[in-house]
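Trainee: What follows is a predicted protein model with its sequence.
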Amino acid sequence: MTTVPDSELTATTGELTPQDPPRRKAHGWRTFLALDDHIGIDEWVRIGRRIFAVAESSSWWLGDWLLYGQVKYPDRYHRAIVETDLDYQTLRNYAWVAGKFPTHRRRTDLSFQHHAEVAALPPEEQDRWLERAARHSWSRNQLRNRLRAARSTTPGTRKASAARIAVKADPTQRRAWEEAAARASSDLEKWIAAVLDQAAGRELPSGDASGAQTVDGSTVG
C-alpha cells in the first residue's frame, strides 16, 4: 500500500492559516503549497512524487472509508456526500472498485483507474490484465483499448444492443432510490434495471423475463 508522506510534506486545514510561515521545505494548506526558497531540484522532484502519492492514494482511501461506513452507518452515502462535496455516483464508484480489490491485491505500480478498468472481471482475469499493464507500462487508456479489443475478438461473443430509457424522478424519489441501491451494494442504474426485471418477471409468463435479479450478491426487491 502507498504510505502517507512523512513530516516534510504536511497537509493541514485547521491548525494553520495562510499567514503562518512555512516551517518545513514544503507545507500545504487546502488551497496552496508553500515551498522553501532554497530547495534543490532533487528535493523538488521528491516533493512532487509525494504529492502524487497522496493524490493517487485518495481514491483508495475514499473507497475504503465508504466501505467502512457501509458496515457501520446506514446513512453512509448521504452523509458522505455532505462531508466531501462529491456526488453519489462518484462515491459509489470509489467504493465499488475498492470492494473488488482486497488490499493485498492492489498494485502500487498501477493507478486506481487501472484497477477500475478491470474491476468488473473475475479476480483471476483482473490480476492477469493488471500484470500485463504493469509489464508493458500501459496507460489507463491503453489498458481500456486492449480490453475492448480482446472482447471483440473472443469467439462466441456478440455486441449487445442496449436501449436507454429516461426516468423522471423528483428529489425525494431519487434519494429513496439511491439509498435502496446503496443498501443492495449496487449503483443506481443497475439497481433500477434489476427492479424492472423483477417486475417484468411477475407480470409475464415464466420464461419471458429474466425474473428476480441480484446485484453484487444481494437480491433486489
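Mentor: Sure thing, it's come through.

Trainee: Break down the protein into its strands, ranges please.
Mentor: Along the chain, counting by DSSP state E, strands occupy 9-11, 26-28, 33-35, 214-215, 218-219.

Trainee: tell me the mean pLDDT over the third one?
Mentor: Mean pLDDT, strand 33-35: 90.

Trainee: Repeat that for the last one.
Mentor: Computed over strand 218-219, the mean pLDDT rounds to 38.

Trainee: Low-confidence regions, this protein specifically.
Mentor: Residues of the chain that meet the criterion pLDDT under 70 lie in 1-24, 154-163, 185, 201-221.

Trainee: In the protein, where's the longest helix?
Mentor: helix 41-72 (DSSP state H).

Trainee: Can you give me the buried ones in that helix?
Mentor: The neighbour-count check on helix 41-72 (16 or more other CB atoms under 10 Å) flags 46-47, 50-51, 53, 57, 59-60, 62-63, 65-67, 69-70 as buried. Where you see a C-beta, it was placed from the backbone N, CA and C, and this is true even at glycine.

Trainee: which one of these sits closest to Ala34?
Mentor: Nearest to Ala34 out of the buried residues of helix 41-72 is Ile47 (CB to CB; 11.3 Å).

Trainee: burial of the closest residue to that closest one other than its chain neighbours, as a residue count?
Mentor: Sequence neighbours aside, Ala26 is the residue nearest to Ile47 in space, at 4.8 Å (criterion: CB to CB, 6 or more residues apart in numbering). Ala26 has 21 neighbours, counted by other CB atoms under 10 Å.

Trainee: Could you find the residue nearest the spatial middle of the chain?
Mentor: Against the mean C-alpha coordinate of the chain, by CA atoms, centre = their mean, the closest residue is Tyr94 at 2.1 Å.

Trainee: May I ask you to confirm that Ala184 is in contact with Val195?
Mentor: No: judged on CB atoms under 8 Å, Ala184 makes no contact with Val195 at a distance of 9.4 Å.

Trainee: which one is the residue nearest to the centre of the chain nearest to, not counting chain neighbours?
Mentor: Excluding the flanking residues, the one nearest Tyr94 by CB to CB, 6+ apart is Gly63, at 4.0 Å.

Trainee: where's the one you found relative to Gly28, distance?
Mentor: Going from Gly63 to Gly28 by CB to CB, to the nearest Å gives 23 Å.

Trainee: Then Tyr88?
Mentor: From Tyr88 over to Gly28 (counting by CB to CB), the distance is 28 Å.

Trainee: cool, and Trp96?
Mentor: 29 Å.

Trainee: Pull out the buried positions in stretch 89-99.
Mentor: Leu91, Arg92, Asn93, Tyr94, Ala95, Trp96, Val97, Ala98, Gly99.

Trainee: got the contact list for that stretch?
Mentor: Under the criterion CB atoms under 8 Å, 6 or more residues apart in numbering, residues 59-60, 62-64, 66-67, 70, 77, 80-81, 84, 112, 115-116, 119, 181-182, 185, 187-188, 216 lie in contact with stretch 89-99.
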